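# Turn this into a model:
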Amino acid sequence: MTRSSIAVVLLAGVACAHGRSAPKIEGAAPTPATSSSLWRPTPSVVEAARRDTMGVTLSMTTPRQLSLPEVVDLALRNSPLTRQSWTQARAAADVYGSTQGRLFPTVTAGVGLNQTQSLAQVGRPPIARAQYGPSLNLAYTVLDFGGRSGTIDVARQTAIAADLTHNATVENTILQVEAAAFTYLSTRAQRDGQRSSVELATAALDAANERHRVGLATIADVLQARTARSQAELQLETLEGSLQITRGALAVAMGVPANTPFDIPDMPAVDSVHFVTQSVDSLIDMAVRTRPELATARAQSAAAQSQIRIARSAAMPALALGATGASNGSNTPSFSGQTYALSLGVAIPVFTGFSTQYDVQAASEQYQAAQARAAAAKQQVIQQVFTAYYTLRTSTDRVRTSRDLLASATQSETVARERYREGVGSIVDLLIAQSALASARAQEIDARWQWRTALAQLAHDVGVLNARGDTTFTNLTPAPDVRPER
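So this is what the prediction gives:
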């Protein structure tokens, strides 16, 4: 066997061995050993995770109070969705600027070097000739019957749609962080209210113990009061955990780690419930004018309409202008000097295999589809405003009714507590009254914060939710005690 044969055999063996085993990743096995085992990350994976962990920094190292506008501002600055929509809008604007270059001639400059040698002929040896020098070329489309302007308009409408999509992303982010903030504040208010319920249950237990001590109550009263207090404490512990969870969710909505220390001060509760005096029809008209999602659909429809112009221009003649100038140097004097060429031509499409007709038809169908999407978006916006409007009406009624309920439950608990202290009421009556008070307090808190969420939702659906985290409704009438007219 020759050396070359031995080398071929060795290479074949290496190839076979390589084919039987999977390639290693950084010297480690590329897959887990078994289906039930874990794959050990390679050093590069570990290092990437370490760098990512180092990038998680707390924007606030000490607890601080944040107002609602500050919470919204943090969310807008930290949101990856707003950064994505913003960069996409900037990219679309750059594409629009690029398409405007079609309005100007295209000028290119170059430097050439050519070396040629002619064949030898009878009585003449072969001649070698070198030519070199700079050149300048100009190309310009004089007329294309709408293709160029259509392309520019498509890019312009696409840029407008990208800007409006960014607006929608900003408004969605505001609504999301406001909803998270209201959920957190509602949970905190529920926690504080439950603390009052625990205090009342403790007072009832103390009264039962005292009456039992002096022989005016049985041990059953003490056990019932103790059970009620344990239930109140259990509910308080549940709310304490829920408060931390909702606080972490708010931090994530703000774009900061869930363990970031911060807090939000209490917002006004009394005399803060208002109702929008505009009719639902006027709010729908406002939404049709201001909602960025609907404006985006209209811009996309306009871009689809311009695509028809582009497709039709492919079937029309095109007038093009071209010019070339060069300064040639050569080792042969007769080939040196200035040269130029000027051309003006018309390109007439004669037959394109019916592709142009299909392109026009496809563009027309796409335009009709875009119009249908815009109409569907309009219907969706109308439904959203209609739903949000009556949700706010219901929330306003619930706030008023829940306040009445809380006032009645508070008075009933006070009466039951005094009757039990005087020995004319039972512990059962007192515990029922305290349970009703706790339920009424929770319902009042829930109704109040549900109202705020409903107002933010209506402002979002109408398109007036701004970056300060409030609404720009100009006609808000106080409604602390009076339901809006039906």
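# Kindly state the pLDDT recorded for the most far-flung residue of the chain relative to its centre?
Distance from the centre of the chain peaks at Gly123, with 82.2 Å (CA atoms, centre = their mean). pLDDT, Gly123: 73.
# Ser402 too?
94.
# and it, how far is that from Thr391?
16 Å (CB to CB, to the nearest Å). Heads up, the C-betas are built off the backbone N, CA and C, glycines and all.
# With neighbour numbers in mind, choose between these two.
Ser402 (21 against 18; other CB atoms under 10 Å).
# which residues sit in contact with that one?
Residues near Ser402 by CB atoms under 8 Å, 6 or more residues apart in numbering: 440, 443-444, 446-448.
# Quick one: those as TSV, columns for distance to Thr169 and secondary structure too.
Listed next are the contacts of Ser402 as TSV, based on distance: CB to CB, whole Å; DSSP: H, G, I helix; E, B strand; the rest coil:
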residue	distance to Thr169	secondary structure
Ala440	40	helix
Gln443	35	helix
Glu444	35	helix
Asp446	30	helix
Ala447	31	helix
Arg448	29	helix
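# Drop anything exposed from the residues you listed.
440, 443-444, 446-448 (16 or more other CB atoms under 10 Å).
# ok, then the element right after the helix or strand encompassing Tyr184?
Assigned by DSSP states H and E, Tyr184 belongs to helix 147-213. Following helix 147-213 in sequence order, the next helix or strand is helix 219-253 (DSSP H and E).
# mind listing the helices for the stretch 1-150 of the chain?
3-20, 43-54, 68-78, 80-99, 147-213 (DSSP state H, counting those that start in this stretch).
# how about those, which one is nearest Gly425?
With CB to CB as the criterion, Gly425 lies closest to helix 147-213 of the helices of the stretch 1-150 of the chain, at 10.5 Å.
# what is the orientation angle of the closest one with helix 68-78?
130 degrees (axes from the mean of the first three to the mean of the last three CA atoms, to 10 degrees).
# now helix 147-213 and helix 219-253, what's the angle there?
Interaxial angle of helix 147-213 relative to helix 219-253 (the same axes, to 10 degrees): 160 degrees.
# Identify the residue spatially nearest to Ala179, adjacent ones excluded.
Thr453 (5.8 Å; CB to CB, 6 or more residues apart in numbering).
# hang on, the one you found packs against Ala180?
No. With contact defined as CB atoms under 8 Å, Thr453 does not count as touching Ala180 (10.2 Å).
# how much space between the residue farthest from the centre of the chain and Thr332?
Taking CB to CB, one finds Gly123 at 19 Å from Thr332.
# distance of the residue sitting nearest the centre point of the chain from Ala253?
Taking CA atoms, centre = their mean, the centroid of the chain lies closest to Leu81, which sits 4.1 Å from it. The spacing between Leu81 and Ala253, counted by CB to CB, is 11 Å.
# Low-confidence stretches in the stretch 101-250 of the chain?
By pLDDT under 70, the stretch 101-250 of the chain has no low-scoring segment.
# what's near enough to touch the residue nearest to Ala249 when sequence neighbours are not counted?
Distance criterion CB to CB, 6+ apart; nearest residue to Ala249, sequence neighbours excluded, is Ala180 at 5.4 Å. The contact partners of Ala180, by CB under 8 Å, 6+ apart, come to 246, 249-250, 253.
# cool, Ala204 as well?
Contacts of Ala204 by CB under 8 Å, 6+ apart are 225, 228-229, 417, 420, 427, 430-431, 434.
# and stretch 339-354, average pLDDT?
pLDDT averaged over stretch 339-354 gives 88.
# That one: end-to-end distance?
42 Å (CA to CA, to the nearest Å).
# Stretch 331-342 now?
Stretch 331-342 has an end-to-end distance of 27 Å (criterion: CA to CA).
# starting at the chain centroid, how far to it?
Chain-centre distance of stretch 331-342: 62 Å, with CA atoms, centre = their mean, to the nearest Å.
# residues of that stretch that come out buried?
For stretch 331-342, it's none, nothing buried (16+ other CB under 10 Å).
# quick one, helices of the stretch 301-450 of the chain?
Using DSSP H, counting those that start in this stretch, helices in the stretch 301-450 of the chain cover 355-422, 427-462.
# Run through the neighbouring helices and strands of the last one.
Contact here means 3 or more CB pairs under 8 Å, 6 or more residues apart in numbering; DSSP states H and E; on that basis helix 427-462 packs against helix 147-213, helix 219-253, helix 280-290, helix 355-422.
# Deepest-packed of the ones you listed, please.
helix 147-213 (a mean of 20; mean count of other CB atoms under 10 Å).
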